[in-house]
Every structure is written in structure tokens, then in C-alpha cells.
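Novice: What follows is a predicted protein model with its sequence.
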Protein chains: 2
Amino acid sequence: MATGRTHRPATRSRGIPEATVARLPLYLRALTALSERSVPTVSSEELAAAAGVNSAKLRKDFSYLGSYGTRGVGYDVEYLVYQISRELGLTQDWPVVIVGIGNLGAALANYGGFASRGFRVAALIDADPSMTGKPVAGIPVQHTDDLETIIEENGVSIGVIATPAGAAQQVCDRLVAAGVTSILNFAPTVLSVPEGVDVRKVDLSIELQILAFHEQRKAGEEPAGEGAADTAPPAAPPAASVRRRTDGTDSGPDGDVPAVMPA
Amino acid sequence: MATGRTHRPATRSRGIPEATVARLPLYLRALTALSERSVPTVSSEELAAAAGVNSAKLRKDFSYLGSYGTRGVGYDVEYLVYQISRELGLTQDWPVVIVGIGNLGAALANYGGFASRGFRVAALIDADPSMTGKPVAGIPVQHTDDLETIIEENGVSIGVIATPAGAAQQVCDRLVAAGVTSILNFAPTVLSVPEGVDVRKVDLSIELQILAFHEQRKAGEEPAGEGAADTAPPAAPPAASVRRRTDGTDSGPDGDVPAVMPA
DNA sequence: CGTTGTGAACTTTTTCACAGCG
DNA sequence: CGCTGTGAAAAAGTTCACAACG
């Protein structure tokens, strides 16, 4: 099949591990809060607590950026804010477009966190002609027809997709063709993009499902009860002799596989 | 300091790796789509493509659930949908409350993906009295005063926080006190919760920042240009002799550290 | 002193590659 | 034959624990 033009190669760019990059915004937020309270320095222990990680991890993360702390003292808040901002590329201005101004798109347009951190909502785009011209968060919505022009004129390289799932790939293709190279996707679809384009996905229902998994496990301690609506087991597997887990360590207390049920 | 009551112990519940759990919803979505198209079976290769992962990973993931495939053939779509749903706990009904019915809360209330997968929006809660009674997504908003009653009467164990950052911890505390044990947090704050309570965080601006990081790296290939608004370097570090990266492999093409600049 | 920065140990996750089976 | 299921290898990420240093 050859996975064609799909997901990014997880490049670990410039030697900073992905996992570290993903935490930098967390540190930055905590640092910004400290900065606002005019706290001059902070120890790895304190900052880690504020960011919700442990201090060893934080120190290791910072070690990838360089040695910005002072032994016996801690980190200079302002200086670190700058270093992380720079590392993340937030010392420059990033114009973004939001495509799909439904409930979510509007929420995003209004979301303060965007504007505050180097991101500027350059345009709102929607396919519904009746939306065109209507201001959302003070910005007039423009029609999808003008997408390419908008991207080019504003030098947009980051696009946010908040359309229904059905429209997402098409919008994505147009964004990419017009020059966008990073996409934040809120639509519940897997987007196909050419090499060199980054996609990050935010999926509201996936997060809930992960919570449900853990929640179920907590409740699973009880013998059986509380069960109300459990949907009916489905058609049996093709033929199979459903054996669970090859090694011994199975048959946990939750049990209750719909069993074999052939034909 | 002692990290007190904070983040969960990442328990790897019932032997299924966290990383796998996080992908199950992805597979489920792809499978559901196939199911709707009445596709009877699917190979790991096809399903992996549809879910945006590689097939080895998918097969390994499934191997933690048991042996649900047929060699030489693939997986029975319906059967697998059921197995994954059950594993995730989606064969039961999960009442959730959404607290904070601003732009985002309203978007969430209207989000189809919630309702579709075993989640039922049991109540919408907001602190603004002028919202009380107003229907959002067909559900009348209730006042925060009644939070505890609502949780208890509906047997809610999952709460969604979509309030401003300032209110989040307080709301969280009340949810937890009332019996909620899983929280999906959209507010840009680190929540403190007691042992046994799960928190997942969705942070819109963090995702954008991660994109910006990669975007910057792409643009970084060019010698210098395109730079417009680069904010002024900050106060220098405490005293330090800013040495970057201990080993040789540094001084990338981006350079331009604000240098030492003492006093 | 107190706290950073980091090798080294450990854990988790991913990938490989192929035996096993329908 | 084709595709799953899985040990084993590799890679990535986390934690430990302590030397180095202001």
C-alpha cells in the first residue's frame, strides 16, 4: 500500500526532543505567570510544580536549550521567558487563519490565548455566504472563495481547520496549495498532507474516550453492579477461537467478554 | 515543597500501555467509518492508513487486547468495533457535565462527537445568572449553585471544565468534592486534584506553539530574511557565562542568541 | 550551602522481521 | 499465499543520583 503522503517523520528538530518541545509551552505559561507577579528567580522545583511536571524532567528539558540557570539559585524568570519564547519561535509574529466559523471556530477566534502568544488571527474564513462580512471577535468573516488570496496576501503559514469533518481534507488541500505549511486540525479526520507539512490534531471526543477508559477501570473494582445500559454483544468474529492474551496474566476481575457465541 | 496532591501515577491500567489506549479512539473512529460503509473486514495495513498510524504499531496495539484478527484475512470490522468500544468503556452511558458555557462551552455542548460515542451531556453549568435557564444546544443552562446537586442526581463522574483560567481550580475542587473522578480541562491552568482523580488537558494555544516551533525550524533554512517583528532581547541573566550546549554539536545556522550583555 | 546540569540506569514506546496460521 | 501476532532490537523518554559550581 505504501503510506503515501501522510504523517510527519517526527524529526526531533535541531536536537530538541519532541517531548521536550511539547512541554516548553507549559513552562512558558508558568514563567509568564511568575513574571506577572514580578518574581525574579525560580528554582527547578518550584517551576516544575507550577507547570505540573517533576523537577528532574524540567532540568533535563532545559539542558537541551543550554545552561540558563545559576547553581544554588535557580533560573532568572525574565531571561528564561525570553529564551523559551525564542526557541518556540514566539518572538516573531505568526499570522493564522481560522477556517470554519461555526461554534468552535468562533470560540477559537475569541480565545485570548491565541492573540497573547505571538499569534495573530489574520482572517476568518467560512463557506457559508450568509456568514460573509459578519464580524466574529471583531474580525469580518470572509468567504472560502478568497482563501488563496487571503493566505498569500497575509503571508499565512499556519492554518486552523474547524470545519465539519467532511470539508476538512478539501480545505486542507487548498490551504497547503496556497502555501500553508502547518495545520491545527479540530475536525475529526485524518488529514493527508504532503511531506514537509505539519499537522497537529486536537480531538475533543478522543480525550473523553481516554478518560472513560480510566474511569471504567476505577469502577471495575466492584464485583458487577451499577450496570444499566450495556449494549448487546455484536455479531461473532469471523470464525476464530477467541483466545485472549497469550500469556497467563489475564482473566482480570472484570472478565465478561461476550464469549464465543458462534453462529 | 513536596508535590502534594497532584498528577496521577500513570498506571498503565490492566496491562494496556497508555500509548495504546490513546490510539484506540483513533482506530475506533476509522472502524466506525468502515462500518458505515458496510465494509466487512479490513487488514491492519488498510486500517492503519485510515487511522494515520503504521500497521506494525496497530497490530501491536491490538495484540494487547487479544487476538481478534484472522490470519490471511484481517479483522472483522463489526467485531472489532465492539471490542474496542468495550475496552474503552463506551458500551455504557457516561453522563458528563460541562461547566462554563462561554464560546467554548457552547461549542462543546453542540459538538456531535460527544453525544455520538456513549457520552451524554447531562447538564450545562455556568456562573453567570443571566445565562441560567437559557437553552444551549437544547439544554437549559443551570447555575453553579446547583453544581453538587446536579452531579449527584445524575451520577456524573466525568466533568468538562471550559471556564476562564481563574475559575478552573475552584470549579475543579467542587466537582471532585461532589464525586467527579475524571476531568477534561480546557482552561489554561494546571489543576491540582487528589489521588485517584484523572485530569486530561486540552490546550489550544499549546498546540499552536508546538506548530510554531516546527514552522520556525523550516523557515530557519533561509539565511536570515523575512524577519519583521522580533521583540527586544530581555534583561540579561543573573550573572552567568551563558555557555550553550556542552558538547560540540551546537551553533546551528540560526545562532543569534542575545549574547551575554552583562549589566 | 543549595541548586543546577548531566551521565547512567531504567522504563516505555516504536520498529523490525518473521514464525505461525487460516 | 497473505496477513496476523509477537519476540527481540532499537529508539525515545523518564528518573536517579551526584559531581560541579555559584
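Specialist: Now that the structure is in, tell me what you want to look at. Numbering: from 1, shown residues only, chains lettered A, B, ... in the order given.

Novice: And the helices in chain A?
Specialist: A:18-36, A:44-51, A:55-65, A:77-88, A:103-110, A:112-116, A:147-154, A:165-178, A:204-219 (DSSP state H).

Novice: For the longest strand seen in chain A, name the packing helices and strands.
Specialist: Counting residues, the longest strand in chain A under DSSP state E turns out to be strand A:119-126. Under the contact definition 3 or more CB pairs under 8 Å, 6 or more residues apart in numbering or on different chains; DSSP states H and E, strand A:119-126 sits against strand A:94-99, helix A:103-110, strand A:139-143, helix A:147-154, helix B:204-219. For every residue, glycine as well, the C-beta is placed using N, CA and C.

Novice: Show me the one of these that comes nearest DNA strand C.
Specialist: In terms of CB to the nearest atom of the strand, the element of the helices and strands packed on strand A:119-126 nearest to DNA strand C is helix B:204-219, at 16.2 Å.

Novice: elements contacting the closest one?
Specialist: When contacts are defined as 3+ CB pairs under 8 Å, 6+ apart, helix B:204-219 packs onto helix A:18-36, helix A:77-88, strand A:94-99, helix A:112-116, strand A:119-126, strand A:158-161, strand A:182-185, strand A:198-201.

Novice: Take the helices and strands packed on strand A:119-126 and write them to CSV, including mean pLDDT.
Specialist: Putting the helices and strands packed on strand A:119-126 into CSV (pLDDT from 0 to 100) gives the following:
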stretch, mean pLDDT
strand A:94-99, 97
helix A:103-110, 93
strand A:139-143, 98
helix A:147-154, 98
helix B:204-219, 93
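
Novice: how about those in TSV, adding distance to B:Leu47 and mean neighbour count?
Specialist: Output for the helices and strands packed on strand A:119-126, formatted as TSV (distance: least, CB to CB, whole Å; neighbours: other CB atoms under 10 Å in any protein chain shown):
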stretch	distance to B:Leu47	mean neighbour count
strand A:94-99	28	24
helix A:103-110	28	23
strand A:139-143	37	17
helix A:147-154	32	16
helix B:204-219	26	21
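
Novice: and DNA strand D, which of the ones you listed is closest to it?
Specialist: Nearest of these to DNA strand D, taken as CB to the nearest atom of the strand: helix B:204-219 at 12.1 Å.

Novice: ok and that closest one relative to helix A:18-36, angle-wise?
Specialist: Here helix B:204-219 points in a direction 120 degrees away from that of helix A:18-36 (axes from the mean of the first three to the mean of the last three CA atoms, to 10 degrees).

Novice: mind checking how far helix B:204-219 is from the chain centre?
Specialist: Distance, stretch centre to chain centre, for helix B:204-219: 18 Å (CA atoms, centre = their mean, to the nearest Å).

Novice: That one vs DNA strand D: in contact?
Specialist: No: using CB under 7 Å from any atom of the strand, helix B:204-219 stays clear of DNA strand D, with a minimum separation of 12.1 Å.

Novice: Can you get me a residue count around A:Gly112?
Specialist: A:Gly112: 12 surrounding residues under other CB atoms under 10 Å in any protein chain shown.

Novice: ok, now how distant is it from A:Gly66?
Specialist: Distance of A:Gly112 to A:Gly66, computed by CB to CB, to the nearest Å: 31 Å.

Novice: same thing with A:Leu80?
Specialist: Counting by CB to CB, the gap from A:Leu80 to A:Gly66 is 11 Å.
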